[in-house]
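A.B. asks: Could you look at this predicted model? Sequence included:
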Amino acid sequence: MKNEKLKIKNLILFFLLINLLLAPLVSFAGSYTTSNGQTITYDGIVPCGGTGQPACQFCHVFVMAKGIFDLVLKFVGVIAVLMFVVGGFMFILSGANPKMMEKGKQILFSTAIGVVIIFVAYLVVNFVMTFPGFMNPNFGGNIWNPTQWFSPVCQINP
């Protein structure tokens, strides 16, 4: 029993380390379009005030919020895939051990519920920001990429 727990802990540690190695592939960079149609690309979380960028304005709060939401959504995807892999391995490799099979099922079910909750929360926050006119729903673009669904709508003067 202790040997199985040690294997599971090592497997989870392995996937967490792989996640840390892949984390730099998720970028903090973003871009937005100003009121005159100019596209501004930025590095980091703050989308203004840097070299070649306009001075910070109220609208940049919403641009930054969208960047943070999109970043969180990317990390949730990576972590969810890793947890599905861990739960799947536990379920498949459980053999005659019903406790390990139940643990694998529980991880798979909990991960699915967590992804649904986070995705619905993402949609709710973006729809709430859409009603006052801070965001523009853009479902006509790439329907399979939720980070392109909403874009800030405000006057940013370069």
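C.D. replies: Cool, the structure landed.

A.B. asks: Residue 76: which element?
C.D. replies: helix 60-92 (DSSP states H and E).

A.B. asks: and that helix, average pLDDT?
C.D. replies: When pLDDT is averaged over helix 60-92, the result is 83.

A.B. asks: start at 6 instead
C.D. replies: With 6 as the first residue, the last one maps to helix 65-97.

A.B. asks: burial measure for residue 131, as a count.
C.D. replies: Here the number of neighbours of residue 131 (other Cβ atoms under 10 Å) works out to 18. Backbone N, C-alpha and C define where each C-beta goes, glycine included.

A.B. asks: buried ones in the strand or helix carrying it?
C.D. replies: Secondary-structure assignment from DSSP H and E places residue 131 in helix 103-135. Under the neighbour-count criterion of 16 or more other Cβ atoms under 10 Å, helix 103-135 has 105, 106, 108, 109, 112, 113, 116, 120, 123, 127, 131, 134 buried.

A.B. asks: from those residues, which single one is nearest residue 19?
C.D. replies: residue 112 (15.3 Å; Cβ to Cβ).

A.B. asks: ok, that closest one touching residue 91?
C.D. replies: Yes - using Cβ atoms under 8 Å, residue 112 is in contact with residue 91, at 6.2 Å.

A.B. asks: which residues are common contacts for the two?
C.D. replies: Shared contacts of residue 112 and residue 91, defined by Cβ atoms under 8 Å, 6 or more residues apart in numbering, are absent.

A.B. asks: what angle separates the helix holding residue 131 from helix 65-97?
C.D. replies: Calculated by axes from the mean of the first three to the mean of the last three Cα atoms, to 10 degrees, helix 103-135 forms an angle of 160 degrees with helix 65-97.
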